[in-house]
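S.K.: coords please:
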Amino acid sequence: MMDWNNYRDELMSRVGDLAALTPDTVKGYQIATGAGAKTNHLDAKTRQLISLAVAVTTRCDGCIAVHAKEAVKEGATEAEIAEALGVAVAMNAGAALVYSARVLDAVKSLPHHE
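M.R.: This next block holds a predicted model:
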């Protein structure tokens, strides 16, 4: 499918280019991404599992490449990763169901709806 290791390396190089052009943008991201580690209410593995689930729901290949490596580094097993991904699949399906109901509500609110 994809050479994830090469992609991750290339991506990080491009992020470095962005940091050179707009350092505060990347610093802002780094502050946000490191906030959980400071409070440490969730362990690093759990944060990485959440990151993978969110990466799937936002369709971010770069996030997948980075957080897959980090999740494994933090001790996540394939079974744990699969369970986190199962939550992402359920949430996407659930979100589609909820928003389908919203569409029907919007249609029913139109004048002359039959």
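S.K.: may I ask which helix or strand of this structure has the lowest mean pLDDT?
M.R.: helix 23-39 (a mean of 92; mean pLDDT, DSSP states H and E).
S.K.: what's it in contact with?
M.R.: Contact with helix 23-39 is made by 15, 18, 19, 42, 44, 47, as judged by Cβ atoms under 8 Å, 6 or more residues apart in numbering. Heads up, the C-betas are built off the backbone N, CA and C, glycines and all.
S.K.: kindly recompute the last result at 6 Å.
M.R.: Helix 23-39 has contacts (Cβ atoms under 6 Å, 6 or more residues apart in numbering) with 19, 47.
S.K.: go through it and flag the buried ones.
M.R.: Buried positions in helix 23-39, judged by neighbour count with 16 or more other Cβ atoms under 10 Å: residue 36.
S.K.: whichever helix or strand comes after it: which residues count as buried?
M.R.: Sequence order places helix 44-58 as the next helix or strand after helix 23-39, per DSSP states H and E. Within helix 44-58, the residues that qualify as buried are 44, 45, 46, 47, 48, 49, 50, 51, 52, 53, 55, 56, counting by 16+ other Cβ under 10 Å.
S.K.: tell me which other helices or strands helix 44-58 touches.
M.R.: helix 61-73, helix 78-108 (3 or more Cβ pairs under 6 Å, 6 or more residues apart in numbering; DSSP states H and E).
S.K.: ranking the ones you listed by burial, who's on top?
M.R.: Mean neighbours per residue, mean count of other Cβ atoms under 10 Å, is largest over the helices and strands packed on helix 44-58 for helix 61-73, with a mean of 17.
S.K.: that one relative to helix 44-58, how many degrees between them?
M.R.: Going by axes from the mean of the first three to the mean of the last three Cα atoms, to 10 degrees, helix 61-73 is angled at 160 degrees with respect to helix 44-58.
S.K.: what helices and strands are in contact with helix 61-73?
M.R.: helix 4-21, helix 44-58.
S.K.: mind putting those helices in CSV, mean pLDDT and distance to residue 110 included?
M.R.: Converted to CSV, the helices and strands packed on helix 61-73 look like this (pLDDT from 0 to 100; distance: least, Cβ to Cβ, whole Å):
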stretch, mean pLDDT, distance to residue 110
helix 4-21, 95, 44
helix 44-58, 96, 30
